[in-house]
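Participant: With the input below, show me the fold.
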Amino acid sequence: MSRKSGYPRTAPGLLAALFLLTLAAGCGGYQFGTRALYTSEIKTVFVPIAEADTYRHDLGERLTEAVCKRITDRTPFDIASSQNADSVLFIRLKSDNQYISGLDRYNNTRQKNMVWCVSAEWKTRQEETLARLDPIPLTSIGVSVNEMSYLVAEMGQSTATVQQDLIDKIADRVVGLMEEKW
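Facilitator: The predicted structure is shown next:
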């Protein structure tokens, strides 16, 4: 039986193999997954207790705990002791302010705004500030992060729940700063 086509049988397979080889060569430098978002030079991070320029009790400890949890959950980095870590993440709670934004007819607070300002700096052991923490250099120590949350007592919120909401938001933002620039 003769073939009418001028192409040999292996041409479609050869073209498919050539296409896959070209595709693989073009994507050779790409990384996939969460490891692609972070530097491969750093493996461990030490996070000292966040310094707090505030009189409110244990906010620095709570913020540090939330940041460490986010680092272990979202990044390939491990939390290590100060002697064994490749890098150090310094965090400072610079201010926490509260503003009344709504009163009822009896002058009771219906809504209160809480605003925190946090600065963060990520350094290597050689005291080099890692470049990815410098997109918005607002302070003398790294990046400044401002977050706000609302306390509405009638909705069952308390100061503690609003503080935890702020801590979670700030921890997400600080750990997000550890990602590589695109």
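Participant: Neighbouring strands - and their directions - for whichever strand or helix holds D96?
Facilitator: Following DSSP states H and E, one finds D96 within strand 87-103. Here strand 87-103 has these sheet partners by DSSP bridges: strand 44-46 (parallel), strand 51-52 (parallel), strand 109-124 (antiparallel).
Participant: So which of the ones you listed is nearest S82?
Facilitator: strand 44-46 (4.8 Å; CB to CB). Bear in mind the C-beta positions are built from the backbone N, C-alpha and C, glycine included.
Participant: Can you name the residues in contact with the closest one?
Facilitator: 71, 77-82, 84-89, 122 (CB atoms under 8 Å, 6 or more residues apart in numbering).
Participant: out of those, which are buried?
Facilitator: Using 16 or more other CB atoms under 10 Å as the burial test, those include 71, 77, 80, 85-89, 122 as buried.
Participant: Which one of the strands paired with strand 87-103 lies nearest to I170?
Facilitator: Of the strands paired with strand 87-103, the one closest to I170 (CB to CB) turns out to be strand 109-124, at 5.2 Å.
Participant: So which bits of the closest one are buried?
Facilitator: 111-112, 114, 116-123.
Participant: CA atoms only for that strand, dumped as PDB, please.
Facilitator: The C-alpha coordinates for strand 109-124 follow below in PDB (Å, rounded to 0.1, in the frame of the first residue of the first chain):
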ATOM      1  CA  THR A 109     -18.500  55.500  71.300                       C
ATOM      2  CA  ARG A 110     -20.100  53.600  68.400                       C
ATOM      3  CA  GLN A 111     -17.000  53.300  66.200                       C
ATOM      4  CA  LYS A 112     -13.300  53.800  66.900                       C
ATOM      5  CA  ASN A 113     -10.400  53.600  64.500                       C
ATOM      6  CA  MET A 114      -7.100  52.100  65.500                       C
ATOM      7  CA  VAL A 115      -4.000  53.000  63.400                       C
ATOM      8  CA  TRP A 116      -0.600  51.400  63.900                       C
ATOM      9  CA  CYS A 117       2.700  52.300  62.300                       C
ATOM     10  CA  VAL A 118       5.300  49.600  62.100                       C
ATOM     11  CA  SER A 119       8.800  49.700  60.600                       C
ATOM     12  CA  ALA A 120      10.700  46.600  59.400                       C
ATOM     13  CA  GLU A 121      14.200  45.900  58.200                       C
ATOM     14  CA  TRP A 122      15.600  42.600  57.000                       C
ATOM     15  CA  LYS A 123      19.400  42.300  57.100                       C
ATOM     16  CA  THR A 124      21.900  39.600  56.300                       C
END
